[in-house]
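*Asks:* I'll drop the sequence and a predicted model, then ask my questions.
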Amino acid sequence: MSVHNHRLKPGQWTVAAIWICNKGDGVISSLNCIEAGWHIYPNHYGDSYPHFYTQWTRDGNNITGCINMDCPGFIWVNGAVIAPGDVIQPVSHIPGGHVQNITLRVLKDKSSGDWWVYYGLNSVPTGVGYFPRSLFTYLADKASDMSFGGGVVTNRVDPNPPMGSGFFPNDGHGHAASFSNLRIIDQDGNSNPIMVDLPKKVTDEKCYSITAISNGEFLYGGPGNCMK
């Protein structure tokens, strides 16, 4: 996924991520999820830089789970190229500049059952750490759902922040943020490209949009700046 920088204010938040979940018995308190991606989150970090992040829960974020290593959970591998919460440098400069991409791989180790996260900046991803199988209930066995894309949050009094690069996919100049080389890893560790379109959800088409998946890639995002 391409990584971008924006000047956000406290109360604003923008993210691009992979979500891997098991919905359990359908009650929100049984929702198990892990996340990995990048976000700009001034309230959490005290700055407006893009940070690599991870997150987990086993009860729909009711009591359990946290971002990065703010609570016991994610196990970081000593000497890994990055740790959850670290600033990502360099970042893309749009328009006209070089696009920086991070490659993320999240997979369930077949022997231990732990969920491993791999990361690479313009490079082949290497292991960063893992979510132990023991953290979870339903996700300890398997995932039932996967999603990927962008999201934003803002205070009610402020306009929506940019998503992705801050450009619409159809801006005509190719400046939109992207996810590419989308693949699904099966239970045997085989990696298969996603070559068909999947269901999409856009909550505010005035501010953001997303393209269909084509050859394992899609574009997404927008400038935001919409008042409710």
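*Replies:* Great, that's in hand.
*Asks:* Tell me how many other residues surround residue 195.
*Replies:* Counted by other CB atoms under 10 Å, the residues lying close to residue 195 total 11. In short, each C-beta sits where N, CA and C put it, glycine included.
*Asks:* Contacts for stretch 54-65 next, please.
*Replies:* Stretch 54-65 is contacted by residues 28-36, 66-68, 71, 73-74, 84, 117, 129, 131, 135-139 when judged by CB atoms under 8 Å, 6 or more residues apart in numbering.
*Asks:* If any of these are buried, put those into a PyMOL selection.
*Replies:* A single PyMOL command selects the buried members of the contacts of stretch 54-65 (16 or more other CB atoms under 10 Å):
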select buried, resi 31+32+33+34+35+36+67+68+73+74+84+117+129+131+135+136+138+139
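*Asks:* what about residue 44, helix or strand, and which?
*Replies:* helix 42-45 (DSSP states H and E).
*Asks:* now residue 98
*Replies:* Counting by DSSP H and E, residue 98 is part of no helix or strand.
*Asks:* Near it, how many residues? Count them for me, please.
*Replies:* 11.
*Asks:* so it makes contact with residue 91?
*Replies:* No - counting by CB atoms under 8 Å, residue 98 does not reach residue 91; the two are 10.0 Å apart.
*Asks:* buried stuff in stretch 169-181?
*Replies:* So stretch 169-181, judged by 16+ other CB under 10 Å, has buried residues 169, 171, 175, 176, 177, 178, 179.
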